[in-house]
Structure formats: C-alpha cells, structure tokens
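Asks: here are the coordinates; sequence isn't available:
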C-alpha cells in the first residue's frame, strides 16, 4: 500500500472514530431493543432467561449448541388466532401453512392436529404433507416448478386446490386431467400490482389474468374454483392489507361480469408480518456499519396482529360480496412467517472473544449457515445468561464460525459484557432459518420443542457421517507426497 | 394504489422501456459472454455441447436434473499447475486445498492422490481429511471456531500446522499442549491491511501481530514454526499479489529482527481468482436490472494464471530471503476457487417459459438453492442444446424453483431462443456452490465426475426421505377439520 493510501485511510478512520459517538447519539433510533418478556421469557437470577420455567442455557447443556427451540404454546396461540371466527362473523378463514417457511415435521404435525392445512410448492413438500397424514383436500399446491409426476398425483388424489402459477401451466394441468379422466380443482394465481410480482402470477393489469381464467374454463377439463393472489411484500399495516384485498375483490367482480364466474375459493396467500421482525432499510444498515449506530427495533405493538388481520380480511370480503348480493367465497390464507416466525428461537454460544482496536468480535458457534435471515431483518439478540447486566462499553460485532467475512450476524449490537461460553438467543427463528440453512463446514443443529415445560427432540443434529452419507465410498487416499 | 401512484409508475415504466435500447447500446460492455471452448466444450450438431465426447444434455437424461458435473481432466491440470516447480527454481510450493470451497470426498480424494494436502476450518473438515486418509502432517487447521476436542485431536495426531486465528487462541493451544505433553506446530495468522480482515488474523499494524508471536513463543509449549496470512479479497493481478506478499515478507523481517525468529513455514493462504469468474460491481447489476444491459464478462486471459501466480510467489519469496541471507521458508498455498472453480459445471432444465409484457422468464429446475454464488459473480450461462443458434430477440430472466423473487439466477441474459425442456449450464460451479447449497423445498442434486469420457457417481441426489431422516417419527396426523 502506498504511503498516500495509508495516510488517507488513517485520516478517514480517525474521522469515523471521532464522528461515531456524535452520530450514534444524534441519530439514535427511538427503539433499539425489544424486551425478552415479549416472547414470554423470564429472568431468573442464577439460571438466566427461562421459558416455561426451563433455563435456556441449560437446554444447550442437555441438547448441544447451537440449538433451535420451538415454543409450542406460542405456536398453539398463533394457530388459534388464525382459525378463530372474528367476533360478529358467521365464519372465518381456512388456513394452509406455508411449508417452505419452516418445514419441520414436528412443527407441521402440531399445526395439522389443530386444523391447519398444508400449502406446498414442490413435489417434495406435497409428498411430505401426504406422509404426515394431511387429507389431500386440505392441501394447496402452488409454485412455479411442479413436476409432471406430482401434478398427476395431486389430480389422482383429489387435491384441494391446484394453483396455476402462470397461464402456461393451465395447459399442463389440462393435459394430465384429460389423460387421468379427472377434473381437478384449479385456481389461477394473479398479480395485483401490490407488493412484488416477479415470476409469480398472471397480471390483472392489461387483461392477462382475465384471459387466463377464460382459457382455464374453455379447456373444459379443469374445475376452475379459485383465485389465488399473494402480496409478496410483507403486510404490516391495515392499509397495506386493504389495498391488496381491494384489488383482488375488484378482480372478482371482473370475473363475474365477464365470465359469469362465482368463485368458490378466494386464496389470499400469506405475507403477514411477524410483529417483532422487520426488514432493515439500507440507510439503517449503513449507519450501523459505519457509525455503530443501533439498528432500529420494530414497533411490535403497532404491527397488524393476527386477530386484526383475520378480522379485517373477513370483514372486507364479506361486505364486498354482501353489497354485490353474491355468495361470499371460502377464504384461504397461507401464513408462513406470521404463524411460526415468533415461535422459535436459536441458541448459540460465544466460542471466543477477539479484541480489536475498534471493536470486539464475539465469535459464535452459530452463524449465517443457521440464521441467514439475520442479514436482512431485525432479529432481537438476547443475552441468555446475564440479560439484566449493564451494557458493555462498546458494541459487539457478532460473527459465526464459517470462514468468510460474510458470516456476520450483527455488525454492531449492544449487549451486556460477554464472556467465552455465554449463551445468546436469536429470536424469531421460526421463519426461513431452517430452510435456508446450509451444512457449510459445520453440521446443522438439533431442533427441540418445549411443551409445557417438557422437552422433546423434533430433529436430531447432523453428524459428521451424515454430511458424506450420499457420497460414493472413498478408499483411504493413496496420498502422494508433494515433490 | 392511488391514481397518482399508478400514473407515476406507468410514466417511469414507459421511460425505462424507451431508454432501454439506447442504454444497452451506448453502455454495452466490451465483452458480454465467454466461449464454451474455454472449458473444453465442443458443439456437436444434434448432440449439443459435449465434454470429452459426452453430450451434456444426455448426462441429465441418465443422471437426472439438476446435475453437477466435475471435469477431472481440468482438475488434474489445475493440480499439476499448482504443484509444478517454476522454471529455474529449486523448489515450488506445498498446496493445501481449502476444503470449505467444495467439500466433496470424490473431488478431495482426487486431489490428495496427486499430492495436495488439506486446509480445514472445522472439526468436521479435519475429521473428513483424516477419513480420506490424509496424513496428519499434511493438514493445516485454520478457522475462528475450533472445538476443544478437535484441537486436542490435532495435537495428539501431530497435525502439520495449527494456525491461531487470533491471539486469544494461543492460550487455548498452550493449555491443551501442556495437558497432552505435546508441542504442536503452530502458526499465527496475521492481517496485512491488504484485502479484508474482519474477524480473521491479528493485525501487523500497531504491533499486535508481533506481540502475538512473542507471546506464542513465551508460552513455551508451542513450536512456533509458521506465519499465516490470507489476502481475502480476490487476487486477479500481479500487483495485488505482490503488494500482499511484500507486506508479509516485510513482517518476516520484523519477526527476525525483534524475536530472532526464522520461520519454517510461510503460509500465504488462498484468494487466487478463477479467471472466468468475476465479482460484479453494483453499477453493472443496476444497469442489468434496470436496462437489461449485458453484464460485463471477465477478461479471462488478463487474469493472473496459476502458473504465473506460483512463479511470482516463489520468485518474490526466494529473492527476499536471498537478499537477507536467510534460508527460504517452505511456502504453503491454500487455493480454493482457483483450484476447483472452473472444473465443475451445473446443469439444469428449463421447466417452463413464462411470457410477460417486458420480459420472458425461464423458470428452471435449478436455482439459488444450488448456485447461490451466481447472485454476486459473473458465471457464464450456456445453452447446451443449441448454443450456436441465433440469440432470442429479448433477454431472458432466468429464475429457479423456490418460491421467492430472490431466486433469480440471471436478471437479464441473452441466449438462443429457449424451449421448455432445454438444458442450460452454469459454468464454474466448483467453488462455493455445493457448500452454500440448501434443501429449500427441493432435494439437492447429484454430483458426477467425468473422467476421460467415463461417468462416475460421486454423490447421489438427495431423496424426499433424506430430507426428514433426522426427524422424530411422526405418526400420521390426527387431522382436525377447521371449524
């Protein structure tokens, strides 16, 4: 490095250090952390944070670290809230859990036992739902890549709803239906202009979605019962929900007017938020990275709750069809993150602390290999052992075990003073942590459930042997010494 | 959506469409694709692209799709280039492959049989190297998270080099060494100010690295034989290499002067590029996303080759120590991407085409679940069936099977006209595709090797059953119908 580069680098560094406390104070977010009580956690001196009387730190001693912990009481509550009929209404919604969000059989079965159906997006997920005993009529099959075999199985078994991701898929459905001499219950996925669209759905704008419905009916072999729409971008406010639902309802009128179609099913997809999780804006990341300014914590109380979401959906749909004098269709919901997001936490241990001139790294045994979502979203990090101790003088950079600077969980986060061996909890690990997990250099962790203070293993940790179980057996290497 | 929003959105859309051809032409990169011949692929009419006479499309018919194909002849060449003694030199480098880059036993064993050692960063990877028959003295153990058990095993077995990621780790090594009454061969990892640093290494600047070496020797139980440094940021030019190596060599003088230390091992880490892969700059992404301007293809011929890299390293190190009149240390290299990156390709099929007003989506059976690296780097995409046909009128958006808009492999890429069922190849899939792979809704693909025209299975594809093999058996769900 040239002298000039060094000088410029040093000057910039000095400036950043000088500005850091000023920026941190001046631009401090109004809320920089969320209390452990939001998740039902209690601090017991000497035992640290406890859930249903069970010490989280002791869980890692019994089951290993890192460790996923599913809180079944919280999951039960979320299921009940989604399935409840809103006060003053004749009916509620039918709920299909988005398998891809947290595809753990023990979690899925728990929901199915309480009346939640399966929303699947691949041949594998449909197979899993059937394995778990979900009746075919309680399965919704979405997704842009459905194998021929899985479409045929769905048709033969009489799946509840087979949704065409794009208009082109209708021909595939029709061909299989004709060959099997069955008439599958089909929905057409549309895109509304709200949230994101990408490769999903046929746009209402411009008439493409109407043309797809027309075609679906003209094919003659499909029972076109449903309309599918998914906002995509997270729904956090009533306004976001209502704008989206209004666009869908508007299109049901078009379908009725143009095609005389009375929908049996209105599938409004998912997208409801987890109140304690929020996408972090680029500016907030930059301030956190450059000036160690705290990330803003979400306003959980202001977020649309499950109850309010269900009530608003039912109210809006019912009143729409009441005004039109048509029968209100069945409402399907496909929650993912709103159902399981806040019902699971990930525990990990501080492997070591590395002191640097500007910061202290807390090097954990868990990383982006287990919690990739932390790179884009606010997830509360809790000190399990001494949550009430005074905050350390400077923020920590919390990193994982895999050998890349990309394995940064928290660039600058304030925590009570850490020691090697301390346990930390990443909250809201029940959405997109498990499916995005990799076996990068380290085996994947176990998943346990906590059920009224009882611990139960849902998925054992991966072993070293598991990681190469599908490989052709390698004879011990004929190792040649390098010349 | 309000009328105002709609109007603004429509106007912006119209502007983008008008500007698109202008921007694409005016800012066209000088090189927008790389020829298939760079990888030894040949086009045979009627059979598509062939490697060693084997049709790639036929490979997916025999082994399934998606499919990783390892080209062993290319890997053999890379191994030989790394191990060759540069012309006019007495010795070359000792090479330790970075396991995390492509941890496939069939690939690793192939390298070990040809004299390449193992660079491991976790207890699992050390276990795997020993399983594969790598002699302990041919293993380098790096990484910020080494379990106590793995450190003890490394010491007991007499591992070649145990590298302290940070100064704090030296105490851990010393404690185990004292307990085991062994004297492990230790290196201290330093950071030079070149490339990235993050949680890795102890900085030379400010004297911390020197203090760490002093401490390592004073502990008394460690045999401090080596210095470890890793540039981190990719090395693509001689200047990048030389600046980094010069900083390391400068520090070896400090160690000699201050501590009288003559290093036995100089471990220069990895970071050498794959010539046909390059990090894509944010501006190039934005232009590609907004105006469908082609991504610039790397100038492969201008990139530092393996031969030149090895020759420059040896020359620089030898002449340094010659000038100082001290013995030249052994040089360790830890290539990852430069060794295996361009020796593997990923095949996948077009599941369906989805036509939109602005673009056509090619929906593939492979996605970021198999090729996450494509999101940050240029990777040549080849049309396997009709590579020489005329380019389609507009670029394709190539997406994967998992249900998220993030599953975009190529936002806008020009290809010959696609049909459903066509096979595409993502090139240079031999670095960081396999370790970053997930089982998100779809099982992971098989990996085969092509060896002089013979096909051999290295790793079978994951099955549905595999995905839940570690889960507690779930009794068929007592499914309760929703009220």
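Replies: Received it, and whenever you're ready, just let me know what you need. Model, not experiment: these values are computed from the prediction.
Asks: List the contacts of residue A:196.
Replies: By C-beta atoms under 8 Å, 6 or more residues apart in numbering or on different chains, residue A:196 lies in contact with A:232-233, B:405. (Each C-beta comes from the backbone N, C-alpha and C, glycine too.)
Asks: From residue A:453, how far out is the residue nearest to residue A:452 when sequence neighbours are not counted?
Replies: With C-beta to C-beta, 6 or more residues apart in numbering or on different chains as the criterion, residue A:452 has its nearest non-adjacent residue at 6.5 Å, and that residue is residue A:52. As for residue A:52, its distance to residue A:453 is 4 Å (criterion: C-beta to C-beta, to the nearest Å).
Asks: Of those two, give the one with the bigger neighbour count.
Replies: Set side by side, residue A:52 and residue A:453 give different neighbour counts by other C-beta atoms under 10 Å in any protein chain shown, the larger being at residue A:52 (16 against 11).
Asks: That one is in contact with residue A:73, isn't it?
Replies: Yes. Taking C-beta atoms under 8 Å as the contact criterion, residue A:52 and residue A:73 are neighbours in contact, 7.0 Å apart.
Asks: okay, and the common contacts of the two?
Replies: Going by C-beta under 8 Å, 6+ apart, residues that sit against residue A:52 and also against residue A:73 are A:40, A:450, A:452.
Asks: Of the residues you listed, keep whichever come out buried.
Replies: Judged by neighbour count, with 16 or more other C-beta atoms under 10 Å in any protein chain shown as the criterion, the buried members of the shared contacts of residue A:52 and residue A:73 are residue A:450.
Asks: about what we covered before: buried subset of the contacts of residue A:196 as a ChimeraX selection?
Replies: The command below creates a ChimeraX selection of those among these that count as buried (16+ other C-beta under 10 Å):
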select /A:232
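Asks: Quick check: which of the contacts of residue A:196 has the minimum pLDDT.
Replies: Taken together, the contacts of residue A:196 show their lowest pLDDT at residue B:405, with 85.
Asks: and that one, what does it touch?
Replies: A:196-200, A:232.
Asks: Could you do residue A:298 as well?
Replies: The neighbours of residue A:298, taking C-beta under 8 Å, 6+ apart as the test, are A:31, A:34, A:275-278, A:378.
Asks: Buried by neighbour count: which residues of the lengthiest strand in chain A qualify?
Replies: In chain A, taking DSSP state E as the definition, the longest strand is strand A:344-355. Within strand A:344-355, the residues that qualify as buried by neighbour count (16+ other C-beta under 10 Å) are A:344-354.
Asks: counting contacts, what elements does that strand pack onto?
Replies: Taking 3 or more C-beta pairs under 8 Å, 6 or more residues apart in numbering or on different chains; DSSP states H and E as the contact definition, the neighbouring helices and strands of strand A:344-355 are helix A:56-63, strand A:67-71, strand A:360-364, helix A:368-371, strand A:423-426, helix B:168-180.
Asks: possible to save the ones you listed as TSV with mean neighbour count and mean pLDDT?
Replies: Formatted as TSV, the entries for the helices and strands packed on strand A:344-355 read as follows, by neighbours: other C-beta atoms under 10 Å in any protein chain shown; pLDDT from 0 to 100:
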stretch	mean neighbour count	mean pLDDT
helix A:56-63	18	97
strand A:67-71	25	98
strand A:360-364	24	95
helix A:368-371	26	95
strand A:423-426	26	98
helix B:168-180	18	97
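Asks: mind checking which of these is nearest residue B:315?
Replies: Proximity to residue B:315, assessed across those by C-beta to C-beta, is greatest for helix B:168-180 (32.3 Å).
Asks: Give me the angle between that closest one and strand A:360-364.
Replies: Note on geometry: by axes from the mean of the first three to the mean of the last three C-alpha atoms, to 10 degrees, helix B:168-180 and strand A:360-364 are set 50 degrees apart in direction.
Asks: that older thread, pLDDT check: weakest of the buried residues of strand A:344-355?
Replies: Per-residue confidence over the buried residues of strand A:344-355 reaches its minimum at residue A:354, where pLDDT is 91.
Asks: Just grab the bridge partners of it for me.
Replies: Using DSSP bridges, the bridge partners assigned to residue A:354 are residue A:361.
Asks: check contacts around it.
Replies: Under the criterion of C-beta under 8 Å, 6+ apart, the contact partners of residue A:354 comprise A:360-361, A:363, B:144, B:165-166, B:168, B:199.
Asks: which SSE is the most centrally placed residue in chain A in?
Replies: By C-alpha atoms, centre = their mean, the mean C-alpha position of chain A lies nearest to residue A:431, the distance being 2.9 Å. Using DSSP states H and E, no element contains residue A:431; it sits outside every helix and strand.
Asks: Could you measure from it over to residue A:128?
Replies: Residue A:431 is 18 Å from residue A:128, where distance means C-beta to C-beta.
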